[in-house]
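*Asks:* Quick one: sequence and predicted model below, then my questions.
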Amino acid sequence: MVITYGIPEGFPRSELYAVTVNGQEAAVGHTDAADFACLATDGPLDVEVTVASPPGTTAVRPLSRGITPSVHERRVVFRLPCPGSVSVEPEKLPPLFLFAGPPEQDPPSRSDPAVRWFGDRRVHDVGELVLQSGETLYVEGGAAMRGHVVARQAHDVTVRGAGIIDGIGLRQRKQWRRGVLFEDCDRVRVEGVSIVNSPGWTLVFHACHGAHVAGVNEIGEGLGTDGIDVVSSRDVVVQDCFLRNGDDNLVVKAFAPAEGRGRGGDVDNVLFERCTLLGHGGCAMEIGHELRTDEIRNVTFRDCDVLGIHGHGAAIGIHNADHATVRDITFESIRVEHHFTRLIDLRVIASRYGKDSERGRIRGVRIRNVRVTSSPYNAGYTVSLIGGYDAAHDVRDVTIEGLYMDGRKATGPDDIDLYVRHATGIEFR
């Protein structure tokens with residue numbers, strides 16, 4: 001089964017790309033950062049992309065999917081073997097994202113009074129939508145809700161659908177709101193939606209207990225457009241997301257209770273897995289900078305593809321600018337296709353984003369099964385950093401196991417241009 005959801009009337013259309021999948025036309029939308037099409041499939045897709053000008057050398061990424069396209073004049077042809085979002089990247093042109101998830105299961109009833117339904121293949125200008133306990137926001141495939149979403153002190157709240165949440169109106173009015181914000185909430189689910197043009201952090205969980213995110217796609221442009229922010233929250237799972245952001249993609253932070261309506265406090269038991277990440281300003285996987293709590297613990301980033309980190313960010317980052325102890329952190333089964341200034345960056349620092357007078361610590365970081373592809377731009381520019389602030393606020397016990405640079409195993413600091421200060425127990429395996 002193949003579903004091409006289309007793009008609602010009133011939403012910008014691509015002038016570069018036309019797409020067919022299994023012979024069906026798939027409408028292509030446009031943002032300043034990338035063009036995109038929304039699809040669903042339970043099997044393979046035969047994709048044909050027609051480009052406005054000859055595309056030249058073209059890649060389909062993540063490369064781990066093993067897709068080699070063929071180019072015929074202005075056409076790019078390839079097979080997508082199973083559901084999963086990809087980036088089609090012709091030479092010297094903006095990318096085309098194909099958001100190809102599995103078909104929806106058991107969509108809610110439009111007549112259910114607890115469902116806030118947006119459909120009919122059109123753009124709904126909403127402004128601010130506030131969700132209450134037990135409510136579901138459902139954006140139907142082919143439709144868009146223009147505005148931002150907030151839930152505070154609520155429980156059992158859901159945002160789902162194959163449609164679009166669009167923050168362009170907020171950006172144009174320079175209203176720097178969070179795209180979708182859950183604050184002081186319990187048992188939250190976000191599934192399937194595509195969130196574009198957010199003026200600020202795109203999807204935020206602040207002081208939440210129990211959240212699950214699956215199959216969310218994001219396109220953000222400009223600093224401050226973080227992808228998914230887990231802030232002072234616990235028991236959070238994020239899976240199978242495709243994130244293109246102008247700042248950090250996946251990020252953990254902690255605020256003091258006075259900085260919001262939420263409870264604040266420690267971060268515990270967070271899992272990010274099977275995500276595809278493209279950053280244009282921040283880190284792909286980040287803990288920090290704001291860590292105003294006692295502990296950040298038990299955070300795992302697993303089985304993720306980093307398409308690229310451009311600018312000053314790192315592929316793997318911890319930046320502790322406040323008093324927290326960051327411990328028991330795992331980065332595993334990571335594939336990095338492009339990075340520039342930093343590969344690994346684990347530091348206790350003083351930063352303009354920190355507010356605490358006391359510095360923190362980092363304890364127990366495992367980096368394992370990492371495959372890195374380098375480019376001619378890396379040599380002489382790319383470094384890795386592990387450093388404490390001083391001898392009392394240091395980094396201890398970092399294990400780097402099975403990290404491969406262009407297929408060659410890193411056996412010591414020189415292999416990844418690693419610089420160290422106020423750090424002990426760094427081991428390569």
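*Replies:* Perfect, thanks for sending it. Numbering: from 1, shown residues only.

*Asks:* what residue ranges in the stretch 201-350 of the chain score low on pLDDT?
*Replies:* 258, 260-262 (pLDDT under 70).

*Asks:* Okay, now the sheet partners of the lengthiest strand in the chain, with direction.
*Replies:* Taking DSSP state E as the criterion, the chain has its longest strand at strand 295-310. According to DSSP bridges, strand 295-310 forms sheet pairs with strand 267-273 (parallel), strand 276-280 (parallel), strand 325-336 (parallel).

*Asks:* What's the first helix or strand after the longest one?
*Replies:* By that I understand strand 325-336. With elements assigned by DSSP states H and E, the helix or strand that comes after strand 325-336 is strand 342-348.

*Asks:* Okay, domains of the chain per the record?
*Replies:* Listed by automatic domain parsing, the domain ranges of the chain are 2-101, 201-428.

*Asks:* For these, give me CSV that also has distance to residue 113 and mean neighbour count.
*Replies:* No exception for glycine: its C-beta is placed from N, CA and C like everyone else's. Below are the domains of the chain laid out as CSV (distance: least, Cβ to Cβ, whole Å; neighbours: other Cβ atoms under 10 Å):
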stretch, distance to residue 113, mean neighbour count
domain 2-101, 25, 18
domain 201-428, 24, 21
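
*Asks:* can you list those in a markdown table and add distance to residue 119?
*Replies:* Below are the domains of the chain laid out as a markdown table (distance: least, Cβ to Cβ, whole Å):
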| stretch | distance to residue 119 |
| --- | --- |
| domain 2-101 | 10 |
| domain 201-428 | 19 |
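
*Asks:* Of those, which is nearest residue 126?
*Replies:* When those are compared by Cβ to Cβ, domain 2-101 sits nearest residue 126, at 13.4 Å.

*Asks:* Can you give me the end-to-end span of that closest one?
*Replies:* Across its full length, domain 2-101 reaches 10 Å end to end, with Cα to Cα, to the nearest Å as the criterion.

*Asks:* before we move on, what about stretch 138-155?
*Replies:* End-to-end for stretch 138-155, by Cα to Cα: 17 Å.

*Asks:* same thing with stretch 339-354?
*Replies:* 26 Å.

*Asks:* returning to that earlier point: indicate which one of the domains of the chain is closest to residue 137.
*Replies:* domain 201-428 (12.7 Å).

*Asks:* Can you give me the end-to-end span of that closest one?
*Replies:* Length of domain 201-428, first residue to last, Cα to Cα: 35 Å.

*Asks:* can you check stretch 385-398 too?
*Replies:* 12 Å.

*Asks:* residues making contact with it?
*Replies:* Here stretch 385-398 makes contact (Cβ atoms under 8 Å, 6 or more residues apart in numbering) with 342, 344-350, 359-365, 367, 418-427.

*Asks:* before we move on, what about stretch 364-382?
*Replies:* Applying Cβ under 8 Å, 6+ apart, the set of residues contacting stretch 364-382 from outside is 63, 315-316, 318, 327-344, 346, 395-406, 417.

*Asks:* Cheers, nothing more for now.
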